[in-house]
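Novice: next comes the sequence, and after it the predicted model I'd like to discuss.
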Amino acid sequence: MTKYAVVRITGKQYKVEEGKEILVDRIVDPKKVMAEVLLVANGEKVSVGKPLVKGVEVKFKVVAELEKGEKVDVYKFKAKSRYKKHIGFRPQYTRLLVEKIG
């Protein structure tokens, strides 16, 4: 039985466990990581928030402020009109270590 939580960071939800690392969308100010705790499970005991779980906080440590993801290529093409376009970008992430759920 593991202890885990579901948190919302920058508008997206992540399942986190103590001692594990997660990749989240880039956080502009990594010293102020704000995580809203939506669910906490400790073995068979599960607490679901309405909308947030009161009295529970998840502590994070920033491992890497800026980490680039895999390049995403976007191609646009229209037949018989000589229209071709290529756009690419690399998403930016912040790597966080989950120190404590409690």
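Specialist: Cool, got the structure. Numbers count the residues shown, from 1 in each chain.
Novice: spatially central, which residue of this protein would that be?
Specialist: In the chain, the centroid-proximal residue (CA atoms, centre = their mean) is Val24; its distance is 3.1 Å.
Novice: just the pLDDT for that one.
Specialist: Model confidence at Val24, given as pLDDT, is 96.
Novice: what's the closest non-adjacent residue to it?
Specialist: Once flanking residues are discounted, Val24 sits nearest to Ile9: 5.1 Å by CB to CB, 6 or more residues apart in numbering. No exception for glycine: its C-beta is placed from N, CA and C like everyone else's.
Novice: who touches stretch 26-38?
Specialist: The contact list for stretch 26-38 (CB atoms under 8 Å, 6 or more residues apart in numbering) reads 5-10, 13, 48-49, 51-53, 56-58, 60, 62, 65-66, 92-94, 96.
Novice: and those residues, which of them are buried?
Specialist: Neighbour counting with 16 or more other CB atoms under 10 Å marks Ala5, Val6, Val7, Ile9, Val53, Val56, Val58, Phe60, Tyr93, Thr94, Leu96 as buried within the contacts of stretch 26-38.
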